[in-house]
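Asks: Here's a sequence, model it:
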Amino acid sequence: MPILSYLDFLQAANHILLEPQRVPGHSAMLLVEFERLPELDGVLGYRVVDDLVSQAARTIRQALNPADIIGAIGRHQIACLLANLLTDEHARLAAYKIQRTLAQPVSMNGHRINLFCRIGIAVRNPCNHCTDQLMRTANLALHGARAEHESIKLLIEQSKDSQPVGIDLLSDLEEAIETGEIFMVYQPKFDIASGRITSTESLLRWTHPQQGAIRPDKLIQLVESTPLMTKLTLWIMNTALRQCAEYRRAGLDAGVSINFSAEDLRDPELTELVMQSLALWQIPAEVVTIELTETAVMENDAHALQVLERFKEIGLKLSMDDFGTGYSSMARLLQVPLDEIKIDMLFVKNMLNSRMHERIVDTMINLGHQLGLRVVAEGVEDEATFARLQELGCDTVQSYLIGRGMLLPELIQLARNQTALPTTIEKRVSSSG
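Replies: Next up is the predicted model:
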């Protein structure tokens, strides 16, 4: 699809968002703004700078999916509508991909020019179908990126009725941290070779008195770029380590995984805080895994990479969650000192019904092993899928088949019973050993 004019872009975007057969899902608007171009107008001239922006737009077009549309909405701005995203987080991954594709210097009239851009992202509320509102939210995100000196900023589009809710939730969350209203559950991670639970993933939960269960991803988006982010991260880390110490004392010889976001890795004191928490709860670093979103792993941030390397020096393990669903760069993947990749449940759930999904899972397992990484499969809901993963050489399973996220007392009871596996799986693991 060509680069559209502003009016043609709005018309095409409206058509996509208002398609009657379209299932409400994940769509996002990206506003890409180039910096320093007003200065270049005086050096190179308006026509040359316009050609430079057109060339950048074509580069962005090649980086996006065919179903996405792109338009020039100003002399120094480009808009992109991403129409078929698997999750909201993929909008941010697409933005990182755009930045990577624009990182190479551009040759123009004998000059080598580096383009610098900021990107504002608005993720569409499925209840809203207004392109203009989505554009306004993306523009707010772009203003936020400028104000906070960030290269990328994401906002969730809100309906008019729900705009104050985020503010109320933020205040309620701070109180919930103080009162213990938020809590953790733990989902077992089952090692296929040893036939035992070797770790758990700590998962944050919050049941709001009025609004009910708050999705963890919404909760994290709520506190990102606020002073509450550090406070929440510290609470999660210390609670997970404290309760890990409790279930290890109860007889479950297992580690724990803790989720960190890209913003967590920007905290200059994070490494020291992690070391203090490990010492406080007397948890060996080697049984703790830090799980990172694909966004955090792929972000081209030298400080974040230094933090991850420091984690490795301490003895922590590193895992990349939802592997295979985003815009991964193999070069970047090789830079990050990972120990583990987790295959997203999207592929695992469909692998017995789709030859392509099974091939993808097989390829990911082989790739992980060739890179010296352990491979975890998420979303295993039946014994046939478990058996196929075992045949393909997958290392670990984390799924409802093994156990849902459970509170600490339930996990301790699991340790005392020493099994929560279906008998057929126990026999399968025993016979294969």
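
Asks: In the biggest strand by length in the chain, which residues are buried?
Replies: Under DSSP state E, the strand in the chain containing the largest number of residues is strand 196-208. For strand 196-208, burial by neighbour count (16 or more other C-beta atoms under 10 Å) applies to 196-204, 206, 208. (Glycine included, C-beta is placed from N, CA and C.)

Asks: In CSV, list the residues you listed along with pLDDT and distance to residue 176.
Replies: Below are the buried residues of strand 196-208 laid out as CSV (pLDDT from 0 to 100; distance: C-beta to C-beta, whole Å):
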residue, pLDDT, distance to residue 176
196, 88, 35
197, 90, 29
198, 92, 31
199, 95, 27
200, 96, 23
201, 97, 21
202, 97, 17
203, 95, 16
204, 94, 11
206, 89, 6
208, 81, 8
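
Asks: who does whatever helix or strand comes next after the longest strand of the chain pair up with?
Replies: On the C-terminal side of strand 196-208, the closest following helix or strand by DSSP states H and E is strand 212-213. Here strand 212-213 is paired, per DSSP bridges, with strand 196-208 (antiparallel).

Asks: how about the residue lying closest to residue 267 once chain neighbours are set aside, secondary structure?
Replies: Leaving aside its chain neighbours, residue 267 sits nearest to residue 230 (6.1 Å; criterion: C-beta to C-beta, 6 or more residues apart in numbering). Three-state call for residue 230 (DSSP: H, G, I helix; E, B strand; the rest coil): helix.

Asks: Am I right that residue 230 is in contact with residue 263?
Replies: No: Residue 230 is beyond contact range of residue 263, at 9.2 Å (criterion: C-beta atoms under 8 Å).

Asks: Before we move on, what's the pLDDT of the residue lying closest to residue 335 once chain neighbours are set aside?
Replies: Excluding its sequence neighbours, the residue lying closest to residue 335 (C-beta to C-beta, 6+ apart) is residue 305, at 6.5 Å. pLDDT, residue 305: 86.

Asks: got it, and the one 4 residues further on?
Replies: According to the model's per-residue confidence, residue 309 sits at a pLDDT of 94.

Asks: returning to that earlier point: ok, now how distant is the residue nearest to residue 267 from residue 237?
Replies: Separation of residue 230 from residue 237 (C-beta to C-beta, to the nearest Å): 11 Å.

Asks: These two: which has the busier surroundings?
Replies: Neighbour count, other C-beta atoms under 10 Å: between residue 230 and residue 237, residue 237 has more, with 24 against 16.

Asks: Reduced to three states, what does that one come out as?
Replies: Assignment for residue 237 (three-state DSSP): helix.

Asks: from memory it sits against residue 258, does it?
Replies: Yes: shown here, residue 237 and residue 258 form a contact pair, counting by C-beta under 8 Å, at 5.8 Å.
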